Each structure stands twice: as C-alpha cells, then as structure tokens.
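**Student:** sequence and predicted structure below; questions after.
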Amino acid sequence: MTALLELKNLKTHFKRDKVSIPAVDGVDLTINKGETVALVGESGSGKSITSLSIMKLIPSPPGKIVDGSIIFNGKDLVNLNEDDMCKIRGNDISMIFQEPMTSLNPVLTIGEQIIEVLMYHQKMTRAQAVNKAVEMLEMVGFSRAKALINEYPHRLSGGMRQRVMIAIAMSCNPKLLIADEPTTALDVTIQAQILDLMKDLSKQYDTSILIITHDLGVVSEVADKVVVMYCGQVVEEALVDDLFDEPLHPYTIGLMGSIPSLEDETDRLQSIEGTVPPPEHFPTGCRFAPRCPHAFDRCREEAPSLIQMAGGRKARCFLHSDKEATL
Amino acid sequence: MISYIIRRTLMAIPLLFGITILSFAIIQAAPGGPTTMMMDPSMKPSDREKFEEKYGLNDPVHVQYVKWLGNMIKGDFGDSLIKRGTPVSELIMNRLPNTILLMGASFILAAIIAIPFGIYSAMRPYSKLDNTITVTSFLGVATPNFWFGLILIMFLSVKMGWFPTGGVATLNADFNLWDRIHHLILPAFVLATADMAALTRYTRSSMLEVLHQDYIRTAKSKGFKEKRVVLKHGLRNGLIPIITIFGLMLPSFIGGAAITEKVFAWPGIGQLFIDSAFQRDYPVIMALTVVSAVLVVIGNLVADILYAIFDPRIEY
C-alpha cells in the first residue's frame, strides 16, 4: 500500500500574548490509499487542529505550522504557496464539518454551492456542472435532486444538509476526504446513514478518509486504522480490531471504559478522572500521567516517546517499553 | 409579494395620520404665528385680524386640523401664507427634484465608499489601514455637517477656488451636466460623511461576524481564494443587516439635507423647511412633513423588500 498522506512531526502552535501554545505537538500520521483512518480523542486533544493543518486552514495569526511536514501525494503542503494550495483544497482534499446546520451558505442555492466547485476546479461549463450536481445529489441519496438544485439550505434537515456537504466534498472526486466529527450533531439513526454513505463512497471512488471523532462507536463502524490523540500528541496507533481487542495506552483503555455497556448493572457511568489540561499547562513527563491510574515516578519526570511495536502498533507509554520492536 | 406590499402600504396610512396630528400639534404649540413674523410696520392690527380671519388662523386647533386634513386628502396642500398666492405643491415640486438629486448622490457616494472600506476593515481587522479607517469614521461621525460644510467651502471653494460655494448651477447659464455635477460634489460629500462613517462601521462589524461563520470555512475548504470567499460567500450575508441600516438612514438623510442645503444655498425642500419653520408658514411645514414621512415610509418598505430578495429565509 502506498501512502497518500504522511504527517511527519507536525507542530501547529498558536500564539497568545507572545507565548507559543502547542496545540499540535509533533504528530506523525500516515493514511494509505483507500484507507479510512480515525483520529480519536477528547475535546482539546488537537484533532481538529491537525485536520485544519492538513488543509492549511489554520486561522493565521494566531495559528502557525511551526515544524514538520505534510506530504500529500509526494508534495509537501507546508511549503506550498496559497495559490497552489487553493488548487488542492476542494479538489484533491475536501472536508466536511461537524455543524451541517451552519456549514452551508444560507443565501446560495444548494445547486450553486455544488456547481461553483465543479466550475472552479474541473473547469466545467455551467450546464455540465448542473448535470454533475444532480448526479452527486442522487448519489448521496436524494430522490428529487433536480428540484433540490434550486432550493436553499434552510429547507433541509441536519442529516440532509450533511448529505449535501458530502455531495459537495465528493463532487471533484477527491483523493482524501477529511470529516471532522461529521455525525456528532446528528440523530443516531441519521448517523448510521451518513457513515454508511461515506463508507460506500470511499469504496466506490477509492477515496481515503480521515475521520475525526470522539465517538468510538463511529470508529468501530468505519475505520481501518485508529490514531488516538491526547494533548496534541499521538498516544496510540493500531488497526481497529487490534485496538478494540486490546487497547494498550491507559488513555485508550479509559476511553473504552467510558462506553456505557448494556450488560453492566452499575448506575454510574465510567469516566476518566480529571480533564484535558490546556496546552499552556501540559505537565512535564507523560502528559497523561496526572490522570493515569498506572502512573509511576518515571511517568512524572520523563516524557515517553511513541514506541513502535510488532504488527505496526504504536503506543506512547512506559508500561509497554519492553515490547518495543527491534527494527 | 404583491399582497405584502399592499398590506404594508395600508399599514402606513394610520402611521402617516399619526405623524400629521403630532406635527400639527407641535407646530401650533410653538410660540408665534405667521402674522407675528410679518414685521411690516404699515400693517395695522385690524389688517392682521382680517388676515387671520381669512386664512382661518383664529379657529380652534382641531378645526384647523380637520380642515387641513380634508383638503390634503383631496390633494390640496393649500397656499403658502408667506409667499401669498403660491400653492404649496408648486413650491415643493420646484424644489423636491433638487433634494432628491442631492440625497441620491450622497446615498450612492456613502454606499460606494463605505462598503468597500468596511469589507477591507473586516478582512484585515486591526491592521494599519483598518485602524486608519476606524479613526476616520469616528471623526466623520463626530463632525457636524454644517461645520464640515463651512470648512470645505472656506478651503476648497473660497481659498482654492476649486468648487462653487453654493447653488445647483451657475446662475443664468444654460444647462451643463459638468456644471451641475461640479455644484453637486461638495454638498453631496458633506451630506454623505456622517452616514458614510456610520455605514463603514456597520459594514465592518457585520462582515466581521459573517467571516467567522462556518459556511465561510466551508467556502475556504472548497479552495476558493480569499477575494471570492469574501465577495461571493461573505458579502451577500453581510449586507443583509446593512439593508436595514439603509432604511433607517433615510430620515437622517432628510434631516441632514435640511442643514446641508442651508449651508450650500441648495434650493431644495430642506432649505424650504427651515425657512417656513421660522416663518410659521403652517401649510408649507405640514406639506413637507407629509412628503418626508412618505419618503421614509417608502424607504423602509423598499428596505424590507430588498431584505426578502437578499435573504431567501424570509418569506411573506
């Protein structure tokens, strides 16, 4: 399998009052062609900033990619100028967002919002673009696509709007689709439909997906590979089955433990003690140590590195330093 | 749409009715009357009484109002008390085009200067140019029209001789488009300043809010360049609240026009308004009140219709 996207030691910092805050702090991530990778973590772990960094849509100032590289299709996006980046956005890499209710422009018709992308990137004529837009809307499951072209977003429900967003994102047949919590704002039943749709489309068009979520149910549904982030760093990476069989990092174990189970008779929901510290208060040593039930002295003094293990698994934890694969 | 316009027009009738009652009452409550302003020493008190009798100025206020209203509904605004024998409608119709020209020009000037500056300010908030625009806007809001007009006349017209000091056209000359524009520039600019400045601020804050919306992020993620993102996806949304401001600005334009016209000797209804107010020329004052009220009502109606055209979420 060839790598489509490779993040190497990506660091995105935000400047606040002259202090540089590491929102993303040395992330390595590889997405292969046709693969679906889930980026998991609590709010504030840096997953959304990672995805916006790939698109180079970090609001700047205050945000800035300060180090590392984003190799997409052989090109390093970090050094690419804005004009060239515009050719990639929406065409080779497209994105759907968490809030379908507000992500569509309220004063433009649904058709226009798909057509403009096709005319811009694919240099289609308006007539060609209209046909393609109808086709895209049918593909994401609208039966009356022709009529929908001339309607405005406020007439659609959240799930329908997210379908429109997917239609827009997929219209130029991108190599990579970044979905930032695409189902968080939707009903559970609609969630499943949207996930199925994304799965089908990625298979059909051989599109890689980077799905950002904090919902492990979503992960098990769609992902091939899971990357768990905590405090701007990757703490664990594994194939989805391996991860659900045997999570290694105490943080991942904690996340898994937080899923309510039908069999359990306990009244209280499990949770990880404490909260994600803000980037300016990251602890020295392991960043998870203050919340970790297994933390020992070394964790509080020394920062663990991401340990490579057999089977392509990685974990950033001293508990597993004995399993380091000899490369 | 049509039924909405009709409904709105019908709703304006009681409003206009209320405005006439109020302004009639206020102007009657003001001390003095048309005859006190006639300082002709040869006028005997008996002549004055005869005059008041003839024009019904001795009747109780409500009788006068009902008489005036009855005539007004028939389209008769009466004759001017001061310029005796001249119908009020003629006085107004001679001057209204000048005022509409002045207001229209200022309005367009305000919009074409303020909106681009406002957009730029929102795109680069706290940049040097934004700060300059902000300071200039506050100066513009804080500067009184009449003072600014006088200063411009003093420097640009009197000292530099670049512009005429007043009037709509060179006296006794044939119609000449450039001459008209030349006369229009200063008064239009002066009348536009305050609203231009306010409009810049409104545009800035409206666009600033819009540019942080999720759909702007979506537009960026589609690969569009900044200009297209701002102008196509941002501007239409950002202008929606500005349309309301346009409607609200109209009364201030009419008020500002009165002062600006006076300063620039611009023969419009504003100047007529001030003169007749001082002379207690009741029929002229009342007619002008009705005309400006109608203008404001129409302006707001147009704003509401534009609102619906720009924002598809609004339905009648």
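**Tutor:** Nice, I can see it.
**Student:** mind listing what the residue nearest to residue B:98 when sequence neighbours are not counted touches?
**Tutor:** Sequence neighbours aside, residue B:268 is the residue nearest to residue B:98 in space, at 4.2 Å (criterion: Cβ to Cβ, 6 or more residues apart in numbering or on different chains). The way it works is simple: take the backbone N, C-alpha and C, and place the C-beta from them, glycine included. Going by Cβ atoms under 8 Å, 6 or more residues apart in numbering or on different chains, residue B:268 touches B:95, B:96, B:98, B:99, B:102, B:257, B:261.
**Student:** try residue B:239
**Tutor:** Neighbours of residue B:239 in contact, by Cβ under 8 Å, 6+ apart: B:115, B:206, B:310.
**Student:** for the last one, give its distance to chain A.
**Tutor:** This points to residue B:310. Distance of residue B:310 to chain A, computed by Cβ to the nearest Cβ, to the nearest Å: 7 Å.
**Student:** and what of the second one?
**Tutor:** Spatial separation of residue B:206 from chain A under the definition Cβ to the nearest Cβ is 13 Å.
**Student:** quick one: low-confidence ranges for chain A?
**Tutor:** The model of chain A has pLDDT under 70 over residues A:1, A:264-267, A:325-327.
**Student:** before we move on, back to that, can you lay out the contacts of residue B:268 as a markdown table showing secondary structure, distance to residue A:18 and neighbour count?
**Tutor:** Output for the contacts of residue B:268, formatted as a markdown table (DSSP: H, G, I helix; E, B strand; the rest coil; distance: Cβ to Cβ, whole Å; neighbours: other Cβ atoms under 10 Å in any protein chain shown):
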| residue | secondary structure | distance to residue A:18 | neighbour count |
| --- | --- | --- | --- |
| B:95 | helix | 61 | 20 |
| B:96 | helix | 60 | 17 |
| B:98 | helix | 58 | 20 |
| B:99 | helix | 55 | 27 |
| B:102 | helix | 52 | 27 |
| B:257 | helix | 51 | 26 |
| B:261 | helix | 54 | 26 |
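**Student:** surely residue A:55 meets residue A:95?
**Tutor:** Yes - counting by Cβ atoms under 8 Å, residue A:55 touches residue A:95, with 5.9 Å between them.
**Student:** and for those two, which residues touch both?
**Tutor:** Common neighbours of residue A:55 and residue A:95 (criterion: Cβ under 8 Å, 6+ apart): A:178, B:221.
**Student:** how about the residues of the stretch 1-150 of chain B near chain A?
**Tutor:** Taking Cβ under 8 Å from any Cβ of the partner chain, no part of the stretch 1-150 of chain B reaches chain A.
**Student:** which single residue of the stretch 1-150 of chain B ends up nearest chain A?
**Tutor:** At 10.1 Å from chain A, residue B:126 is the closest residue in the stretch 1-150 of chain B, using Cβ to the nearest Cβ.
**Student:** could you verify that that residue is part of a strand?
**Tutor:** No - secondary structure of residue B:126 (DSSP: H, G, I helix; E, B strand; the rest coil): coil, not part of a strand.
**Student:** looking at it, residue A:270 is touching residue A:258, isn't it?
**Tutor:** Yes - using Cβ under 8 Å, residue A:270 is in contact with residue A:258, at 5.2 Å.
**Student:** can you list the residues of chain A near chain B?
**Tutor:** A:55, A:57, A:82-83, A:85-91, A:94-95, A:97, A:99, A:102-108, A:116-117, A:120-121, A:152, A:154, A:165, A:168.
**Student:** list the ones among the residues you listed that fall in strands.
**Tutor:** Mapping the residues of chain A next to chain B onto strands (DSSP state E) picks out A:94, A:95.
**Student:** show me the contacts for residue A:62.
**Tutor:** Taking Cβ under 8 Å, 6+ apart, we find residue A:62 in contact with A:14, A:15, A:16.
**Student:** and stretch A:283-296, how far out from the chain middle?
**Tutor:** Going by Cα atoms, centre = their mean, to the nearest Å, the spacing between the C-alpha centre of stretch A:283-296 and its chain's C-alpha centre is 25 Å.
**Student:** what does it contact?
**Tutor:** Stretch A:283-296 is contacted by residues A:230-231, A:233, A:235, A:249-251, A:254, A:272-274, A:277, A:298-304, A:316-319 when judged by Cβ under 8 Å, 6+ apart.
**Student:** mind listing what's buried along that stretch?
**Tutor:** A:285, A:286, A:287, A:288, A:289, A:291, A:292, A:295 (16 or more other Cβ atoms under 10 Å in any protein chain shown).
**Student:** from those, which is closest to chain B?
**Tutor:** Looking across those and measuring by Cβ to the nearest Cβ, the closest to chain B is residue A:287, at 28.5 Å.
**Student:** assumed that closest one was part of a helix.
**Tutor:** No - judged by three-state DSSP, residue A:287 forms no part of a helix; its state is coil.
**Student:** which SSE is the spatially most central residue of chain A in?
**Tutor:** A centroid search over chain A (Cα atoms, centre = their mean) returns residue A:212, at 2.8 Å, as the residue closest to the centre. Here residue A:212, judged by DSSP states H and E, is contained in strand A:208-213.
**Student:** got the phi and psi for residue A:63?
**Tutor:** In terms of degrees, to the nearest 10, the main-chain angles of residue A:63 are phi -90, psi 150.
**Student:** quick one: it from residue A:24, how far?
**Tutor:** Relative to residue A:24, residue A:63 is positioned 9 Å away (Cβ to Cβ, to the nearest Å).
**Student:** please apply the same query to residue B:293.
**Tutor:** Per Cβ to Cβ, residue B:293 is found 61 Å from residue A:24.
**Student:** swap in residue B:167?
**Tutor:** Per Cβ to Cβ, residue B:167 is found 67 Å from residue A:24.
**Student:** out of the two, which sits in the busier spot?
**Tutor:** residue A:24 (31 against 13; other Cβ atoms under 10 Å in any protein chain shown).
**Student:** coming back round to it: mind putting the contacts of residue B:268 into TSV with pLDDT?
**Tutor:** Below are the contacts of residue B:268 laid out as TSV (pLDDT from 0 to 100):
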residue	pLDDT
B:95	88
B:96	87
B:98	89
B:99	89
B:102	91
B:257	84
B:261	88
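**Student:** of the residues you listed, closest to residue A:218?
**Tutor:** Nearest to residue A:218, judged by Cβ to Cβ, of the contacts of residue B:268 is residue B:257 at 62.3 Å.
**Student:** wait, what's in contact with the closest one?
**Tutor:** Counting by Cβ under 8 Å, 6+ apart, residue B:257 touches B:99, B:102, B:103, B:191, B:268, B:269, B:270.
**Student:** not counting its neighbours along the chain, what's nearest it?
**Tutor:** In space, and not counting its chain neighbours, residue B:257 is closest to residue B:270: 4.2 Å by Cβ to Cβ, 6+ apart.
**Student:** report pLDDT for the one you found.
**Tutor:** Residue B:270 is assigned 86 on the pLDDT scale.
**Student:** contacts only, for it.
**Tutor:** By Cβ under 8 Å, 6+ apart, the contact set of residue B:270 is B:99, B:254, B:257, B:258, B:259, B:260, B:261, B:262.
**Student:** farthest-apart pair in those, please.
**Tutor:** The span of the contacts of residue B:270, defined through Cβ to Cβ, is set by B:254 and B:262 at 13.4 Å.
**Student:** now the strands for chain A?
**Tutor:** With DSSP E as the criterion, chain A has strands at A:3-16, A:19-32, A:36-40, A:63-72, A:75-76, A:93-96, A:176-180, A:208-213, A:225-230, A:233-239, A:307-308, A:314-315.
**Student:** indicate which one of the ones you listed is closest to residue B:17.
**Tutor:** strand A:93-96 (55.4 Å).
**Student:** which other residues reach that closest one?
**Tutor:** Contacts for strand A:93-96 (Cβ under 8 Å, 6+ apart): A:51, A:54-55, A:72, A:103, A:162, A:165-166, A:168-170, A:172, A:174-180, A:182, B:221-222.
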